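1. Provide a 3D model corresponding to the input given below.
(2 chains)
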Amino acid sequence: MTKMQILAKSILTVLGIHGLVIAYGYYPGHYVSKGTALPVLTEVLSLSAFTVLAASVVYFLVFKNTRLSQKIAGPGQVLDPADARVWLVKSLRISLLFTGLMLLVGSMQDLVKILKVFLLIRPAVSDIIAFKSIPRILRLSYPQWYRNIYGFLKVLLAIYLICGAPHLVRWQVRHTATADSNTKPESIPDSVNTTSQGKTNE
Amino acid sequence: MNRIHSFAKVALVAIGIFFALRIAPQLLTVFMIVQIRPSVMSFWVAGAWAVALCLCIVILLYVFVYKREQLAKRIAGEDDLNKQDSQMHWLPVAFRLVCIAGGLYGLYLVLFQVPYFIIQYISYTHSQLTTVYGQWITERVLSLLIVLAIAIYLLCGAPHFVRWHVKKTLEQCKKQSEINR
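-> Below is the predicted model of the structure:
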């Protein structure tokens, strides 16, 4: 694997994660179902179709990006497997930290909402037990539930990414190493490398 | 000057110009503030906001474009400029640059929300602000204050955070190298 391929791989991973978050942020399902005869069914169908579409995009950008990154980066000087692993860890961690920071800063309102829920959860549970009634903070419409769950998951994802996403990085490195050993990458012949380096030195 | 220093300089100029361009359209909100409730007070508020925005853009361009050399030296470390590039050296620089970009994004979000609050404050009466919108505005102001605090920390280079990340990354790299053996 070349340095450019590693860089392309990191960028594709970040794009996949960021694209998923943005796509669900702009998910139009709850607007589509307004005024229809079967709102719940429409909602479920549209959400399922949307999830399949988003999952396929994420699958090719995050999990199966080796071939795409090789196509984007083109041939180059192939690194040692050990060096490639180290480079991949570093570039992935830097790019995932960047995405995590962007997501966390953008979802600070959701974080405040979560903190508020922690403060209000005890009186709400007491209300349910004592009066057998649903408290006001839980009486939300579908779009509000959607926004709150989305916000909560976004904050969790942002925190995980800021921590360096160790599991994702480990998985990517292991997966790339396996894929690399199975496929023979395109590389520049040694003679070309030597010539170009010689020209640079001159 | 080594490669890391040059890279830091280019990245800083790019970050500075990008965020200056993102903040500049906010100047249009000045007209919105005056338009919603034309009065002497809103005129003064709009004027103060315009001056604050212009100052932000000027400071951003001055620090990130004009003083890029000094800033890059602070980020990359002046003592190490003559040393050869090493993976140990560029890693904290990259993390610091990412933190600075994240901090500027936070600052941009705060600046993006301020005219919105000014408009809310001008449009609603005192009773509306204290009852219906009071709680909602408190939440938003609180979230903005947290963002501002995080942004300032990140813009300072987030030393503890960068140290922690470098340590963890190097540990993970070491593990990966051992796996390969």
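2. what about residue 166, neighbour count?
-> Using chain A here. 16 (other CB atoms under 10 Å in any protein chain shown). C-betas here are computed from N, CA, C, even on glycine.
3. oops, I was thinking of chain B
-> 18.
4. am I right that it is in a helix?
-> Yes. Per DSSP: H, G, I helix; E, B strand; the rest coil, B:Val166 lies within a helix segment.
5. surely it meets B:His89?
-> No. B:Val166 lies out of contact with B:His89 (CB atoms under 8 Å); the separation is 10.6 Å.
6. spell out which residues of chain A are next to chain B.
-> Remark: the part of chain A in contact with chain B comprises A:81-82, A:85-86, A:89-90, A:93-94, A:97-98, A:101-102, A:104-106, A:108-109, A:111-113, A:116, A:164, A:166, A:169-170, A:173, using CB under 8 Å from any CB of the partner chain.
7. indicate the residue of chain A located nearest to chain B.
-> A:Leu101 (3.3 Å; CB to the nearest CB).
8. please verify my assumption that that residue contacts A:Ile162.
-> Yes. Counting by CB under 8 Å, A:Ile162 is a contact partner of A:Leu101 at 6.5 Å.
9. between these two, point out the one with more neighbours.
-> A:Leu101 (25 against 19).
10. now do the same contact list for the more buried one.
-> A:158, A:162, B:98-99, B:101-102, B:105, B:154 (CB atoms under 8 Å, 6 or more residues apart in numbering or on different chains).
11. dump these to a markdown table, plus pLDDT and secondary structure.
-> Shown next, in a markdown table, are the contacts of A:Leu101 (pLDDT from 0 to 100; DSSP: H, G, I helix; E, B strand; the rest coil):
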| residue | pLDDT | secondary structure |
| --- | --- | --- |
| A:Ala158 | 93 | helix |
| A:Ile162 | 92 | helix |
| B:Val98 | 91 | helix |
| B:Cys99 | 92 | helix |
| B:Ala101 | 91 | helix |
| B:Gly102 | 92 | helix |
| B:Tyr105 | 91 | helix |
| B:Leu154 | 92 | helix |
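12. among the residues of chain A next to chain B, name the ones in helices.
-> A:81-82, A:85-86, A:89-90, A:93-94, A:97-98, A:101-102, A:104-106, A:108-109, A:111-113, A:116, A:166, A:169-170, A:173 (DSSP state H).
13. show me what the stretch of helix or strand B:Phe117 belongs to is packed up against.
-> Element membership for B:Phe117 (DSSP states H and E) is helix B:87-123. Secondary-structure packing of helix B:87-123 (3 or more CB pairs under 8 Å, 6 or more residues apart in numbering or on different chains; DSSP states H and E): helix A:81-106, helix B:3-23, helix B:29-36, helix B:40-61, helix B:68-76, helix B:134-155, helix B:159-180.
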